[in-house]
Structure formats: C-alpha cells, structure tokens
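Visitor: Here you go, sequence then predicted model.
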Amino acid sequence: MKKINHIISANQFTKKDLREIFKITDRMKTGRYRKPLKNKILATLFYEPSTRTRLSFESAMLKLGGQVLTTENAKESSSAFKGESLKDSIKIISSYVDAIVIRHPDNKSMDVAAKASKVPIINAGNGTDEHPTQAILDFYTISKRLNKFNNIHIALVGDLKNGRTVHSLINLMGKYNTHFYFISPAKLKLSVNYKNFLDSENINYLEEKLENIINKIDVLYMTRIQKERFESLSEYKKINRSYLLSPKIVKRMKKDSIILHPLPRIQELPEEIDDDYRSYYFKQAENGLYARMALLYRILRS
Amino acid sequence: MKKINHIISANQFTKKDLREIFKITDRMKTGRYRKPLKNKILATLFYEPSTRTRLSFESAMLKLGGQVLTTENAKESSSAFKGESLKDSIKIISSYVDAIVIRHPDNKSMDVAAKASKVPIINAGNGTDEHPTQAILDFYTISKRLNKFNNIHIALVGDLKNGRTVHSLINLMGKYNTHFYFISPAKLKLSVNYKNFLDSENINYLEEKLENIINKIDVLYMTRIQKERFESLSEYKKINRSYLLSPKIVKRMKKDSIILHPLPRIQELPEEIDDDYRSYYFKQAENGLYARMALLYRILRS
Amino acid sequence: MKKINHIISANQFTKKDLREIFKITDRMKTGRYRKPLKNKILATLFYEPSTRTRLSFESAMLKLGGQVLTTENAKESSSAFKGESLKDSIKIISSYVDAIVIRHPDNKSMDVAAKASKVPIINAGNGTDEHPTQAILDFYTISKRLNKFNNIHIALVGDLKNGRTVHSLINLMGKYNTHFYFISPAKLKLSVNYKNFLDSENINYLEEKLENIINKIDVLYMTRIQKERFESLSEYKKINRSYLLSPKIVKRMKKDSIILHPLPRIQELPEEIDDDYRSYYFKQAENGLYARMALLYRILRS
C-alpha cells in the first residue's frame, strides 16, 4: 500500500524536509513554475470558518494549475448536522478529490480524518492542538529574514496553552538550536508536554515577562488571548492588558528583530505598530501563499 | 424551441436510457475521457446543505473539464430571504451558466425551476419527493454487483413515506422485474401512489418485517428515520429500534447480497457492519461520482 | 507607483469610459473573445449575501478564462467575527488574488478596502451608498433599448434615500442630459447631496406622483421598499401600497418605454407584469453578465 503524505503535525518534518520545502517556497515566490498540479482537485473543508487561511490554500492550488472545491462553513452546511461522522464524510469525499484541507474544532479530528482518507489530509488547524502549515510559513519568514536557522531568540506571547500556531512553531523550531521565551498569563501557560519535548531536545526556554527580554529577542511572536478562556470579562481585561504590544515596548526591540502574528489580531497588536519596520506580519501572511504552494506541490505532484 | 434535458424524476429514464448511462458510467470509471465539458459552467444551488452530494457533482464537473459556481447554503445566503422567488432566481441564474443542480426542501421546487430555466435543471433532492441521480447511482451499483437488471429482491428499510431516495429507486427499479420488500414503521409507510405505480407495472411488493425476508433478499437498502417525524423522542426511540441493523441480522443475509445506504447514516447502520464484505455503501457513494459524470456528460456535451 | 483600477463609485466613469465599456459589453454578448483573463484570480467577498450578483461576477470571470475564489457569507464564516478588521482582511487577501469583488453593509467599507488593497476592488454594493456595476448594466440596457444616451425621461420609484442602485444610476445618468422623476414616500426621499449634484450639472428633476408622469417616461425604474425602514408594519403597508406597480398603471406607459428593476423584487413588481413587452428586468439581469465581463476585462487584461 502506497504511503499517503498527510500533513498533520509540525513534528513530522525533518530538517531536510524543511530545507527542501523552503527551497520550493523560494521558487514559488519567483513565479517560475508551470501548472504542475493540472487535473488535481483540492477540497477545503472548514468546520471552523477562516476566509484568510482557506483562500490562501485555494489560491495556492489554482496558481499551481489545480482546481478547488470549497466548503466555507462545513459545520453549518454539511450533513454533519444530520449526525454523519467526520469519518464517513472523509471516506466519501476522499474518493472525489486528490487532497483535503481540513480545519476542525476537535483536537482528534486529524487522526480520524487521516485514518479514513484515501488521499492526503492537510491540517489547517485542529482545535487547540496544531496548525502545521502556519508553522512552516512562520519559520520560513523567520529564517529568510534573519538568514539563519539556529541561535534564534524567539518570544511567544499570549495564550500558549490553547494557541495551536504556537504549538506547531515549538514543534518545528524545537528541532533547531532555538532560545524560547514563553510569555503568558498563569492560567494560559504552555502545557508540560511541550516543555518535556524541549527538554528532550536540550532546548533552552524561559518563562518570563516581556519587558525583561524584549531587548534580547530576534523574533516577537504575538498571539490573541480569547475572552472565552476567562470566567469574567473583568478578569480578561485585567490580565489581557499585560499582553498588549505598545510602541513604547517595540522601541526597545533590537534593530534587526521582527514582529510576527498569525492574524487575525484583536487589540494585542495595535494598528499603530504596523508602520514600524520590524512589523513583518503582513509579509508573513503573504508568505503563507508561497509556503502552501510548496506544500501542495510536494504532496501532489505526480 | 430546443428541448431542455432536465433531470427531475427517476421516472423519466427509459431502460434504453439507463443502459446508455451505465455504459458511460463504466467509461468514466476507467478514466478514459478528455475534457468534453470544457467551457461549460455548472451552478450548484443547495437550499438544503449537503457537502457530500454537492462535492460529488462539483468534482464530476471539474473532472470532465467543466467549471463550477457554488452555493453552499442558498437558503441562508441568497436573496431568497429578501423574498425573491425561486422562479426569479432560476430565471436569472440560468442566463449565467449551462446547467443548475438544485437541492430544495419544497417538493414542487423542481417543476418551478424547470419551467423558469433556460438550461438543464438537475434535481439533487426536492423535499420528500425524489432524488433521481441517487437512484441512478444506486441501481448502477446494484446491477453491476449482481450482474443483472431483473429478478432482484430488494428490501427498502426505514422512512418510506418521506424518503426521497427510496421514491426515486422505486420509480427506477419498478420498470424492471423487481421484487420489493417494504419495511417501515406504520406511520412511515410508502404512500399509495407508489404502490399504484407498481401495481400498474405488475411488480410484486410485500410489506414485511425485516427478519422474515432477510435471508431471501439480494439488496438491503437502509435509510434514516428522522426524529422530527415523531411526536415524542420516546416514541421515536421505541419505534426506531426495530429498524436498526445489527451484525446478528446481517449474518443471515445471502452470501452474494449487498447492503446499501444513501448516507449520511445515524444509528440505523452501526459502524461495526462496515467490515462485512456485503457492505457496499462506500462503494455506492464512490459510484456517485462516476454516475454523475455520466449524467452531466449526457446533458451537456455539445 | 502604478495606479490601481478600483471600481468604487459610478461617479468615476467619464462618458468616454462608458462608451468604451458599452462597446466591450457588446462584444462580450457576441461571444467573440478568447480567454483574456487566463491565470487571473478573482475573489468574491460577500459580507451581505447575494447569490445572483455573486454568480454573475463569478460566471463573468470564468467565461473570460479566469478563476474564482468565493466567499458566500463573509460575515458568518470569515475571521471577521474574531474581530479582524476589514482592512487587515483586504491587506492579506489582496496578496493572494488579482481583484476582489466586495459587498459590505457599511458605506465606508469600499474606501477602507481600496486603501488597504494591492489589487483592484470592485464595489458590489456598500450599505446604502452605491452599486456602480449595477448602474453600468442598467444604463447599458437603457441606452441600447432606447438607442440614445440623452433626453431620456426616467422615473425612479421606491426607497430613494437608501437605495444604492438608484444612487449609482443618478451618478451615472446625471452626466448626460437626463430628465429624472423621483417617486418615493416622504421619509424615503432622495438625499440632498444627490440633488445638489444634479443641480450642479444643470440636470432637471421633479419629485412627483407616478400617475402624473407615467405616460411621459421612457424608463420606469422600480425598487424595493424595505419593511425595516418603517416603525410599524401597518405604516409600511399603508405607504408601500402607493409604490406598487399594477397592470393598470403599466397600460398608460408609452409604447417604446421599458420597465427595469435591479431585483430581487417583492410585491412592488407583480409577476403578472412579466409578460408585458415593456418588462425588461430579466434582460437587464442578463446584461449584468456581459457588463461585468466588460468591467473585469477592462481592469484585469494585461
């Protein structure tokens, strides 16, 4: 039986894989490609809505000459509500298309999908677990800008317990000699299994206040803190305030450092920071297109 | 005026039509076709959500070289809610595309649509009335597997009153020498007009208990019983229990018989039956792609 | 920096522009075009649902050889609900595609979008402000049918205060020697800035009752009056009755006059009028396809 090239976790990529993927991403940026995915069909199944992420996958597929079948809101508008299991849906849909991009609120969804599918499954976010293609584009953006893979000091700020982009980025950059700073409210701290992983890889990490390390870091990776995680709005407001970026803090950052954010943002990243030359999040989002082209190309080329 | 090739009811297909359609379906399975529907556009208008059925039509169209415009949830997101009639919508949309697939909760919707449209309308389910393309793929699956068109003993189980897949299948197989067994709760029995149709065609049918005929049938066609049809949940639970399949019952089936289900399923078809070699419902769903390719090809080729 | 060809307001088009656009529209109707927009991608972002308008843009793009990414219900299913601003969404999505069609409930949305976007923005309706592509297709339909651009007597009927199709049509036809008749309930009168615009262009307009001018006009442009604009249903019913068309009124229209409506309609345009030879609204809707092809071609051809 032929192995299927699912993309489920950032964990699965070796350093060699990443070198290859980044090389293809570079090529995609130049526009030097024909239509390598002609006659291939990608389905996007979003059980949680995300226009931005969905369109970046779909545009990537079209630019490579492939075609797209879209499900903007699978939760509302699929037979899901009639009680059909994800397993049955994937079993059937995987006989219609060549690959399936899924976003799903359940952490276990990707394992279920990968097991049921005849074609590659691409995890576009599963609950609070992972978002591996985001980590690929994040690390591509970082390594290109800093021109290195190792000795990168990166601060991850926000909800590290539930933030799936953060989890995937740790899984990916944890394979390199990275220095992590974890900045989060007490109740939204990174879970122990990620710390165990970093320990096992002999990777340094510190739980710190942003103000204490802001002048040391190469990458400031901001994320949202969601109201729903707190018992009261007042508790949220009190705690959230400490995890908002301000121009005053940004001024203390190193000249050749960068600010990233997986977007969408709320107030943790005020618009006034957009003009700072260290703000790299729109460039990061744009890289998402090229990184996803590279991943689709790698999985689906004949 | 040129006749438009609508697909509204399973009734409309002659035995000759079906032979032709099945022959094209066979060819579609082999992949031996070019892009016969190049430059043709199909619109899918789903006033009731169904990711699976929608994607099978859309994939079929793309594989034939055509293109697709999609409406995942026409009820919510069209001008329908502003009061526009289906008639006006179809009149307008039919000047933008080459064919329209519609699923609609109203039994009369297809007649309205066909009358208003300048292009072929394909019924993908109209209320409790019909689902003709499902019947085509069902009968294709049956006749291929059993290698015959006649003398087939088929049990239809579940909500025969409101089940549109059942209605279309009766309309289709009622043209052949078929032996029907109807198995349903008293209040969900097949309506008299279908029985009259079978009488007029001299076709045998029996209303029976599943246990009494399970060892005689070639095809066990399971369908859902929907909670909404009953006045109370307890009544539903009590009655529904008799229409659930179990491995114990399946064991009594003939060796060369098959189990079908239009899917999605709820508890009437437990997952543990999936591994039985007589379970053919995922194959059936896959055939949906090829049967719909055949139908689109037949309607839209130049 | 290269200027981006946004379509935001009907105001922006010169008479020369319109001559060119109408000439291209004529050509699109003949079908004499290849695939000039090959490899171009259009995104449709509908923050207000409209199957009809969305599909007309999408069909136009496909017919020109381009491709489409669709968002049927951006309000419900995008990251909008997570708090992402339209500005951020457009910034990001405009790095994935070659043009963006937007419908949005906020009047200011198009200025925000145009400022944020790297690619052309096409206004498909912004709140109560404008709907410029509708005005293009309306005026195309009018000038083709009447075979003139000037000396046209047009009655605009309904909610002139909030009707965006009316606003754009005034902006467009106000550049020609047009005679306007404004027919609306007192509280839904055309706002003063449009009247000021017409005054500045030396264009005649009258606020009148329909019955007094029905026999003088070349074009009767009907629009909906929405219940939501009134404090009570009874008030709505009372007022609305005066703005419903009837066969009796239509009979008094000139022989070579036409009835238009941007559709969808409610009761202001009864179905019994559809058969009158002066009813031109389905032709008008069909022209929408060709006019939008012309606009997309003009903006996106290389």
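Guide: Sure, I can see it.

Visitor: Spell out the residue ranges of the helices in the stretch 1-150 of chain A.
Guide: Applying DSSP state H, counting those that start in this stretch to the stretch 1-150 of chain A gives helices spanning A:15-30, A:51-63, A:74-77, A:86-93, A:109-116, A:132-146.

Visitor: Tell me which of those helices sits most buried.
Guide: Per-stretch averages of neighbours, counted by mean count of other C-beta atoms under 10 Å in any protein chain shown, single out helix A:51-63 among these, with a mean of 26. For glycine as for every other residue, the C-beta is placed from the backbone atoms N, C-alpha and C.

Visitor: That one vs helix C:86-93, what angle?
Guide: Orientation check (axes from the mean of the first three to the mean of the last three C-alpha atoms, to 10 degrees): helix A:51-63 against helix C:86-93 gives 20 degrees.

Visitor: which other helices and strands contact helix A:51-63?
Guide: strand A:41-46, strand A:67-71, strand A:99-104, strand A:121-126, helix A:281-300, strand C:41-46, strand C:67-71, helix C:86-93 (3 or more C-beta pairs under 8 Å, 6 or more residues apart in numbering or on different chains; DSSP states H and E).

Visitor: Return the list of helices and strands in contact with the second one.
Guide: The reference is to strand A:67-71. The contact analysis (3+ C-beta pairs under 8 Å, 6+ apart) places strand A:67-71 against strand A:41-46, helix A:51-63, helix B:51-63, strand B:67-71, strand C:67-71.

Visitor: For residue C:40, which of the ones you listed is the nearest?
Guide: Each of the helices and strands packed on strand A:67-71 was scored for nearness to residue C:40 using C-beta to C-beta, and the closest is strand C:67-71 (7.2 Å).

Visitor: Can you flag the weakest of the helices of the stretch 1-150 of chain A by average pLDDT?
Guide: Comparing mean pLDDT across these, the lowest value falls on helix A:74-77: a mean of 59.

Visitor: Just want the residue of the stretch 101-250 of chain A that's nearest chain B.
Guide: Using C-beta to the nearest C-beta, residue A:118 is the residue of the stretch 101-250 of chain A that sits closest to chain B, at 9.4 Å.

Visitor: need the contact list for the nearest residue to that residue once chain neighbours are set aside.
Guide: Using C-beta to C-beta, 6 or more residues apart in numbering or on different chains and skipping the chain neighbours, the partner closest in space to residue A:118 is residue A:94 (4.4 Å). For residue A:94, the contacting residues are A:100, A:116-119, by C-beta atoms under 8 Å, 6 or more residues apart in numbering or on different chains.

Visitor: let's see it at 6 Å
Guide: By C-beta atoms under 6 Å, 6 or more residues apart in numbering or on different chains, residue A:94 lies in contact with A:117-119.

Visitor: And the pLDDT at it?
Guide: Confidence for residue A:94, expressed as pLDDT, is 98.

Visitor: Tell me the spacing between it and chain C.
Guide: Here residue A:94 is placed at a distance of 22 Å from chain C (C-beta to the nearest C-beta, to the nearest Å).

Visitor: Just put the helices and strands packed on helix A:51-63 in JSON lines and tack on distance to residue A:255.
Guide: Formatted as JSON lines, the entries for the helices and strands packed on helix A:51-63 read as follows, by distance: least, C-beta to C-beta, whole Å:
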{"stretch": "strand A:41-46", "distance to residue A:255": "39"}
{"stretch": "strand A:67-71", "distance to residue A:255": "42"}
{"stretch": "strand A:99-104", "distance to residue A:255": "37"}
{"stretch": "strand A:121-126", "distance to residue A:255": "34"}
{"stretch": "helix A:281-300", "distance to residue A:255": "17"}
{"stretch": "strand C:41-46", "distance to residue A:255": "36"}
{"stretch": "strand C:67-71", "distance to residue A:255": "38"}
{"stretch": "helix C:86-93", "distance to residue A:255": "25"}
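
Visitor: before we move on, the earlier item: can you say which of the helices of the stretch 1-150 of chain A is nearest to residue B:135?
Guide: If we rank the helices of the stretch 1-150 of chain A by C-beta to C-beta, the stretch that ends up nearest is helix A:86-93, at 17.9 Å.

Visitor: Of all the helices and strands packed on strand A:67-71, which one is nearest residue A:226?
Guide: helix A:51-63 (17.0 Å).

Visitor: Pull the distance from the closest one to the chain's centre.
Guide: Taking the mean of its C-alpha atoms, helix A:51-63 sits 14 Å from the chain's own mean (C-alpha atoms, centre = their mean, to the nearest Å).

Visitor: where does whichever residue of the stretch 101-250 of chain A sits closest to chain C land in three-state SS?
Guide: Closest residue of the stretch 101-250 of chain A to chain C, C-beta to the nearest C-beta: residue A:224 (7.6 Å). Taking DSSP: H, G, I helix; E, B strand; the rest coil as the rule, one finds residue A:224 in the coil state.

Visitor: so what's whichever residue of the stretch 151-300 of chain A sits closest to chain B up against?
Guide: Taking C-beta to the nearest C-beta, chain B has its nearest neighbour within the stretch 151-300 of chain A at residue A:300, 14.8 Å off. Going by C-beta under 6 Å, 6+ apart, residue A:300 touches A:37, A:40, A:98-99.
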